[in-house]
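Visitor: my questions are about this predicted structure, shown below with the sequence.
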Amino acid sequence: MAKFQRRDLIKGAAATAAAGALLPAIPAAAEPGVRCTTPGGRDFPKVGGNLGNQNYTRLAHIRPANIRRLGAVWVNRIEGGLTTGTNQSTAVAVGGVLYIESALGNVHAVDGRSGVTKWVYRQTRGTLTRRGVAVGQGMVFTHGRGDWIIALDQETGQVVWERQISDFGNMEKVAVTYHDGRLYCGTHDGDRGAGLALDASNGDVVWHFWGAPGPGEFGNDTWAGESWRTGGATPWLHPAIDPELGLVYWAFGNARGARSSQDGSERDGLNLFSSAIVAMDLATGAYRWHFQSIHHGIWDMDNTMAPVLADVRIRGRLRKVVIYGSKSGMYYILDRRDGSAPLGIDERPVPQDARQKTWPTQPFPRQGAWTETTVVDQPLGTAVPGDPNRAVPNYVRGSLYDPHWDIPILSIPGHGGGADWSHQSFSHSTRLVYTGFGYVAAAHSLTEASNGLRPPGEYQTGGIVAVDPSTNRVRWKKRMPYSLAHGNGILTTASDLLFIGQPDGNLLGLDARTGRELWRFQTGAAISSSPIMYEVDGEQYLAVYAGGTSIPYGNSAPRGDFLWAFRIGGTVAPAPTPPPPVVRRPVSGGPVEGGVVGNTVIIGRTYDPATGQIGATESTAVNAMAPTHLRVPAGTAVTFTNHPENANVRGATQFFEGLFDIRLAPGESYTHTFPEPGEYFFNDPHSPRSTGKIEVS
């Protein structure tokens with residue numbers, strides 16, 4: 001391979017186009033006639049719908065004119081009424097049968113017309129997070145805990161073969177993709193991860209591609225010393241495949257380090273291929289080109305989406321593009337042949353911190369972002385919740401890519417915001433690409449153990465955005481009451497409908513051209529998967545799995561095991577409406593009755609509810625309010641006290657109503673009466689991490 005050149009990495013996508021000499025020749029099509037952009041019809045044969053992950057169907061019987069008659073025809077509680085677990089799996093439909101993984105790791109085959117279970121494969125290796133099976137060669141392919149890949153007979157669910165894939169990281173969460181006799185699987189949650197191609201007949205590893213290259217591999221010199229060994233850069237979602245170009249496109253996750261993903265001090269360099277999309281030879285896994293969306297990341301803003309492929313006319317020329325984004329709230333439109341940027345991507349200077357070894361520039365599409373990239377400093381006492389990206393008080397406000405060290409810097413859309421890992425959709429009808437997104441502001445500093453603090457008390461909301469990939473401009477954006485960034489995939493149809501599920505259990509049908517809501521149905525549990533469409537015996541169906549996950553609403557998101565199917569004229573009643581998710585980020589710790597602690601909160605100390613003991617030393621931890629959650633009746637006077645043995649002036653700022661904003665010397669107290677029911681968050685101006693809540697009933 002040609003010698004690695006740092007200047008090509010700095011220039012990103014534009015450089016790869018100019019440096020054609022670095023790129024080996026692209027092979028001829030692996031399978032002539034197979035198109036990655038051919039939309040689904042009778043079948044929805046893989047997670048993402050087609051090889052280009054377009055999540056689009058050419059089925060059009062369900063349309064705006066009759067959507068009010070759309071109703072459920074069956075529901076299958078696939079695990080018999082499960083109400084716990086992590087349910088992120090999207091169903092696939094092949095030959096009139098739906099295949100779905102549950103939170104227990106079991107695989108269910110369900111008749112798409114009747115909803116009757118045909119067979120169940122019961123996992124024997126423990127539960128794990130699942131995102132979808134693959135179907136091919138008469139088999140259904142799934143994972144097992146401990147890095148197993150398992151092939152099941154498509155008709156019976158019996159094990160055909162199983163194989164443990166060692167030495168590449170954990171292989172459990174990434175949906176399996178089948179194409180042309182091979183399985184494409186990714187590893188995750190480890191010091192180092194890889195994209196793998198396996199022989200579908202027996203599980204043999206055909207090739208692998210490391211997200212953090214080792215010595216002698218292309219990109220290794222972008223990691224200082226041995227930092228590549230713990231560099232992370234793992235693929236969290238399935239790839240896209242273009243058989244005509246003979247390329248597979250994989251997005252790799254954020255950089256990590258010996259201490260945390262927020263610490264870049266010991267991994268000087270760009271840290272390839274973290275936060276990057278890489279095009280690889282479909283046959284051999286050899287590197288072809290890459291684009292890195294975040295250089296030397298220290299924010300867990302890794303853009304680990306499943307790439308979307310589309311054929312788009314840009315400035316009069318039909319371009320084969322890959323659409324890539326976007327925790328950062330930006331789309332990067334790249335030519336999928338060579339990684340060039342037909343609409344322009346500029347390297348712009350960003351703030352620096354030498355301690356973090358920050359990279360001097362970051363790439364920005366010339367058209368800008370489609371979410372806010374700076375938190376709103378909205379005054380206390382103004383409309384609640386106000387702007388959904390408003391800042392929790394007392395934090396240092398930052399913008400995208402502001403560096404941090406020991407002081408938490410608050411920025412948006414946050415490592416749990418933007419598009420995160422929801423499946424996106426490209427409509428052949430509207431020619432727009434769609435995604436659900438979140439506003440989940442995050443405070444980063446090296447005082448955080450892992451990947452940043454989502455401040456207690458903040459509103460975690462989001463929306464849906466439609467972007468024209470021929471211009472990279474927002475066509476419409478719809479604010480929604482919940483974050484839609486965590487598995488809330490979008491399906492678009494040839495009849496210009498858009499379907500997306502919410503964390504409150506509602507499945508929504510929107511006009512894909514305007515975003516106007518046309519239909520909704522209560523499924524009974526949070527939806528953290530993509531809806532699909534399929535056809536059986538001439539009838540067209542919509543289906544979705546409603547199970548729920550903890551991100552970002554924790555256990556307040558209702559859980560279940562509901563596999564639903566809908567068609568025009570369906571009459572099965574909706575599920576009972578579950579309690580909605582708690583939109584505000586909760587404080588650390590459960591409620592303590594005011595009478596137990598004398599209606600008093602001690603600032604700057606932790607509290608053990610089991611013993612009633614207050615921490616022996618001053619603390620700036622998130623739970624450094626004793627207690628963090630005080631429950632009192634309306635009309636109660638609550639006293640806030642800075643512990644007399646604290647060394648610092650501490651205080652309490654109530655947000656967002658602005659009822660009080662106090663500073664107290666050690667030993668001083670302040671009393672406030674709460675006349676109205678509600679929940680009243682407050683944090684400490686000395687350390688905004690320390691947050692409490694008064695629940696008034």
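Guide: Nice, thanks for sending it over. All of these numbers come straight from a predicted model, not from anything done at the bench.
Visitor: list the contacts of the closest residue to Gly598 other than its chain neighbours.
Guide: Nearest in space to Gly598, with sequence neighbours left out and distances taken as C-beta to C-beta, 6 or more residues apart in numbering, is Thr639 at 7.7 Å. (Each C-beta comes from the backbone N, C-alpha and C, glycine too.) Contacts for Thr639 (C-beta atoms under 8 Å, 6 or more residues apart in numbering) come out as Gly598, Asn599, Thr600, Val601, Ser669, Tyr670, Thr671.
Visitor: possible to save these as TSV with secondary structure, distance to Leu247 and pLDDT?
Guide: Listed next are the contacts of Thr639 as TSV, based on DSSP: H, G, I helix; E, B strand; the rest coil; distance: C-beta to C-beta, whole Å; pLDDT from 0 to 100:
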residue	secondary structure	distance to Leu247	pLDDT
Gly598	coil	67	97
Asn599	coil	65	98
Thr600	strand	64	98
Val601	strand	58	98
Ser669	strand	66	98
Tyr670	strand	63	98
Thr671	strand	67	98
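Visitor: most neighbours among those, which one?
Guide: Val601 (25 neighbours; other C-beta atoms under 10 Å).
Visitor: in space, what's closest to that one - neighbours in sequence excluded?
Guide: In space, Val601 is closest to Phe640, 5.1 Å off (C-beta to C-beta, 6+ apart).
Visitor: name the next helix or strand following the helix or strand where the one you found lies along the chain.
Guide: Using DSSP states H and E, the element containing Phe640 is strand 636-642. With elements assigned by DSSP H and E, the helix or strand that comes after strand 636-642 is strand 650-655.
Visitor: buried residues in that following strand?
Guide: Across strand 650-655, burial judged by 16 or more other C-beta atoms under 10 Å covers Arg650, Gly651, Ala652, Thr653, Gln654, Phe655.
Visitor: cool, and stretch 277-291?
Guide: Of the residues in stretch 277-291, 277-283, 285, 287-291 count as buried by neighbour count, 16+ other C-beta under 10 Å.
Visitor: tell me which of those fall in strands.
Guide: Ile277, Val278, Ala279, Met280, Asp281, Tyr287, Arg288, Trp289, His290, Phe291 (DSSP state E).
Visitor: adding distance to Ala91, write these out as JSON lines.
Guide: JSON lines is the format used below for these (distance: C-beta to C-beta, whole Å):
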{"residue": "Ile277", "distance to Ala91": "26"}
{"residue": "Val278", "distance to Ala91": "28"}
{"residue": "Ala279", "distance to Ala91": "29"}
{"residue": "Met280", "distance to Ala91": "28"}
{"residue": "Asp281", "distance to Ala91": "31"}
{"residue": "Tyr287", "distance to Ala91": "34"}
{"residue": "Arg288", "distance to Ala91": "32"}
{"residue": "Trp289", "distance to Ala91": "33"}
{"residue": "His290", "distance to Ala91": "32"}
{"residue": "Phe291", "distance to Ala91": "31"}
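Visitor: taking these together, which two end up most distant?
Guide: Within those, Asp281 and Phe291 form the most distant pair, 16.8 Å apart (C-beta to C-beta).
Visitor: quick one: low-confidence parts of the stretch 551-697 of the chain?
Guide: The stretch 551-697 of the chain contains no residues with pLDDT under 70.
Visitor: show me where it has strands.
Guide: Using DSSP state E, counting those that start in this stretch, the strands found in the stretch 551-697 of the chain span residues 562-568, 592-593, 600-603, 607-608, 613-614, 625-626, 629-632, 636-642, 650-655, 661-664, 669-674, 678-683, 691-696.
Visitor: winner for burial among these?
Guide: strand 625-626 (a mean of 29; mean count of other C-beta atoms under 10 Å).
Visitor: and that one, how far from the chain's centre?
Guide: Distance of strand 625-626 from its chain centroid, counting by C-alpha atoms, centre = their mean, to the nearest Å, is 32 Å.
Visitor: other residues contacting it?
Guide: Strand 625-626 has contacts (C-beta under 8 Å, 6+ apart) with 587, 597, 601-603, 605-607, 614-615, 684, 690-692.
Visitor: for stretch 165-183, buried residues please.
Guide: Buried residues in stretch 165-183 (16+ other C-beta under 10 Å): 165, 168-179, 182-183.
Visitor: hmm, which two among those residues are most spread apart?
Guide: Pairwise distances across the buried residues of stretch 165-183 peak at 22.9 Å for Asn170 and His179 (criterion: C-beta to C-beta).
Visitor: what's the first-to-last distance across stretch 119-135?
Guide: Taking C-alpha to C-alpha, to the nearest Å, the first and last residues of stretch 119-135 lie 15 Å apart.
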